[in-house]
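In: Just to be clear, the model below is a prediction. Sequence and coordinates:
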Amino acid sequence: MKNTNSRAAEALAIDGGTPVLAGPPPPAPVRWDGPEIEQLAKMIAQPSLFYWKGPQTALLVANFQKHYPLKYVMPCSSGTAAIHIAVAAAGIGPGDEVITSGITDMGTLIGILYQQAVPVFADLEPHRYNLDPVDVRRKITPRTRAILAVHLAGNPCDLEQLKKIADEHGLILIEDCAQSWGAMQRGRPIGTVGHIACYSLNDYKHIGCGDGGIVASSDERFGPLLQKFGDKAYDRVSGARMPDFLAPNYRISEPQSAVAAVQMTRMWEITGRRAVLGRRLTERLRDIPGVHPHHADEADRCSYWFYLFRLDLEKFACDRNTFVEAVKAEGMHAVAGYIATPVYKYPVFQNHNFFAGRWPVRDLGLTSMDYTQVSCPVTEQIIATCVKTPISETMDEAWIDGVAGAIRKVAAFYAKG
Ligand SMILES: Cc1ncc(COP(=O)(O)O)c(C=O)c1O
């Protein structure tokens, strides 16, 4: 697509001009090395690799609690498992509604659906991409039991408002912190405002152990149940093997815990660096017409699992893909969009194909939810106009300035006259 801006901008790299970011890209971080190897060696010398009373899992819990002062902590097999345990421990059951976000991973929804509860999608804030408290209020019905707040991409939700709504309506606030290690809301680590907090340690997160998760709570109603809901309803504390409800096996194991325990000691530094770099990118993008930076509240600490900016496409004489190809040619990494559609548009939701083609709660009249009718306009606009670019702790300030320079150059080139 041609530039319509008569002020004739600098030639784009995609057209043979000089790229803004000419140097080598930042190196991939070294994620695991000496300390993890040492911990794994200690682990392999143990007589048992079982999580309960396992020294590695105990160390993981202790290291986690240094950052997140939560009383009951259950390390488990994934972030998905953590959320399922949280939903189950919260007593959420058939037909109960859980208000959540349409831009997330399936892991946010799986536990809700397996408890035969109903995900209800509220719309998002246009530039922070998290639950919009105003729409959350609108989505509350007599069946609402919980708000499952996803802190997307390291960016804290408006927890003050969400907690206020939860308290007013007697709802449980579950925080999905999978993408948000190291994020702080008004000086408080995310996960410590709501009733139950869920974290992921999968391979792609700020810190990880291949696969793993943590669910934690200081609430006496839910905390004591977390261990049982993640371990076949066996009560490891009392030793009683007398299940009194249905629960899966979502246990972590000592090899995962050994790696995760050490990773936890790196978490603050990794996320702190990302917080600085992401904020810098926002400062550099702020005055570019047609580009909306990833909004993070000044009083919060966003740990930028990734950076998502939006294009006001009416201001440009190009489409999003052309813009993205042009910035990539300038030397930065970029992808048009994040997930392809809001999660409620996935075939599993559109066909209500939850349990062998059926959805018992609807068949039994416990919900009238029809996902083919769900529409969250802001969520859909975000997905249609966002551009994703990585933030890594191995980047430096000069690289971030180059990324901003690349976006500025392309935006100037395609700006409508
Ligand atoms: C927001 C969110 N919630 C939940 C999950 C599920 O975590 P896991 O992959 O560890 O099951 C993820 C994973 O990507 C996620 O990004």
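Out: Structure's in. What do you need?

In: Extract the C-alpha trace of stretch 16-36 and format it as PDB.
Out: Extracted C-alpha coordinates of stretch 16-36, given in PDB (Å, rounded to 0.1, in the frame of the first residue of the first chain):
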ATOM      1  CA  GLY A  16      14.800  -0.800   0.400                       C
ATOM      2  CA  GLY A  17      15.400   2.000   3.000                       C
ATOM      3  CA  THR A  18      17.800   1.600   6.000                       C
ATOM      4  CA  PRO A  19      16.300  -0.400   8.900                       C
ATOM      5  CA  VAL A  20      16.000   1.500  12.200                       C
ATOM      6  CA  LEU A  21      17.300  -1.600  14.100                       C
ATOM      7  CA  ALA A  22      20.400  -2.600  12.200                       C
ATOM      8  CA  GLY A  23      22.200  -4.300  15.100                       C
ATOM      9  CA  PRO A  24      21.900  -8.000  16.200                       C
ATOM     10  CA  PRO A  25      18.600  -8.700  18.000                       C
ATOM     11  CA  PRO A  26      18.800  -9.100  21.800                       C
ATOM     12  CA  PRO A  27      20.000 -12.600  22.800                       C
ATOM     13  CA  ALA A  28      17.500 -15.100  24.200                       C
ATOM     14  CA  PRO A  29      17.700 -15.200  27.900                       C
ATOM     15  CA  VAL A  30      19.500 -18.100  29.600                       C
ATOM     16  CA  ARG A  31      16.600 -19.400  31.600                       C
ATOM     17  CA  TRP A  32      18.100 -22.300  33.500                       C
ATOM     18  CA  ASP A  33      21.700 -22.900  34.500                       C
ATOM     19  CA  GLY A  34      23.900 -23.500  37.500                       C
ATOM     20  CA  PRO A  35      21.500 -23.000  40.400                       C
ATOM     21  CA  GLU A  36      18.800 -25.100  38.800                       C
END
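
In: what comes up buried for that stretch?
Out: 19-21, 26, 32, 36 (16 or more other Cβ atoms under 10 Å). Every C-beta, even on glycine, is put in place using the N, C-alpha and C of the backbone.

In: Can you pull up the most central residue in the chain?
Out: Closest to where the C-alpha atoms of the chain average out (Cα atoms, centre = their mean) is residue 179, at 3.2 Å.

In: Just confirm that one contacts residue 305, I think it does.
Out: Yes. Counting by Cβ atoms under 8 Å, residue 179 touches residue 305, with 4.3 Å between them.

In: which neighbours do these two share?
Out: 153-154, 205 (Cβ atoms under 8 Å, 6 or more residues apart in numbering).

In: Please flag which of those sit within helices.
Out: Counting by DSSP state H, no part of the shared contacts of residue 179 and residue 305 is found in helices.

In: By neighbours, which of these wins?
Out: residue 154 (28 neighbours; other Cβ atoms under 10 Å).

In: Now do the contacts for that one.
Out: 179-183, 206, 271, 274-275, 278, 302-306.

In: quick revisit: nearest to the ligand, of the buried residues of stretch 16-36?
Out: residue 32 (17.2 Å; Cβ to the nearest ligand atom).

In: do you know how far the closest one is from residue 194?
Out: From residue 32 across to residue 194, the span is 30 Å (Cβ to Cβ, to the nearest Å).

In: Then residue 291?
Out: 33 Å.

In: that older thread, contacts only, for the residue nearest to the centre of the chain.
Out: 150-154, 200, 205, 305.

In: what does the protein have sitting close to the ligand?
Out: 78-80, 104-105, 107-108, 150, 176, 178-179, 200, 202, 213 (Cβ under 6 Å from any ligand atom).

In: Show me these that map onto strands.
Out: Counted as lying in strands by DSSP state E, out of these, are 150, 176, 200, 213.

In: how many other residues sit next to the first one?
Out: Looking back up the chat, that one is residue 150. 28.

In: quick one, what contacts it?
Out: Applying Cβ under 8 Å, 6+ apart, the residues near residue 150 are 100-101, 103-104, 108, 130-131, 157, 176, 178-179.

In: I'd like the residues you listed laid out as JSON lines, including distance to residue 74 and pLDDT.
Out: As requested, these are arranged in JSON lines below (distance: Cβ to Cβ, whole Å; pLDDT from 0 to 100):
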{"residue": "100", "distance to residue 74": "21", "pLDDT": "99"}
{"residue": "101", "distance to residue 74": "24", "pLDDT": "98"}
{"residue": "103", "distance to residue 74": "27", "pLDDT": "98"}
{"residue": "104", "distance to residue 74": "22", "pLDDT": "98"}
{"residue": "108", "distance to residue 74": "18", "pLDDT": "98"}
{"residue": "130", "distance to residue 74": "25", "pLDDT": "98"}
{"residue": "131", "distance to residue 74": "25", "pLDDT": "98"}
{"residue": "157", "distance to residue 74": "23", "pLDDT": "98"}
{"residue": "176", "distance to residue 74": "16", "pLDDT": "98"}
{"residue": "178", "distance to residue 74": "15", "pLDDT": "98"}
{"residue": "179", "distance to residue 74": "20", "pLDDT": "98"}
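
In: between these, which is nearest the ligand?
Out: So of the contacts of residue 150, ranked by how close each gets to the ligand (Cβ to the nearest ligand atom), first place is residue 178, at 3.4 Å.

In: just checking, what packs against the longest helix seen in the chain?
Out: Identified as the longest helix of the chain according to DSSP H is helix 254-285. With contacts taken as 3 or more Cβ pairs under 8 Å, 6 or more residues apart in numbering; DSSP states H and E, helix 254-285 sits against helix 34-44, helix 55-67, strand 72-76, strand 307-311, helix 397-414.

In: between those, which gets nearest to residue 115?
Out: strand 72-76 (15.7 Å; Cβ to Cβ).

In: Cool, thanks, signing off.
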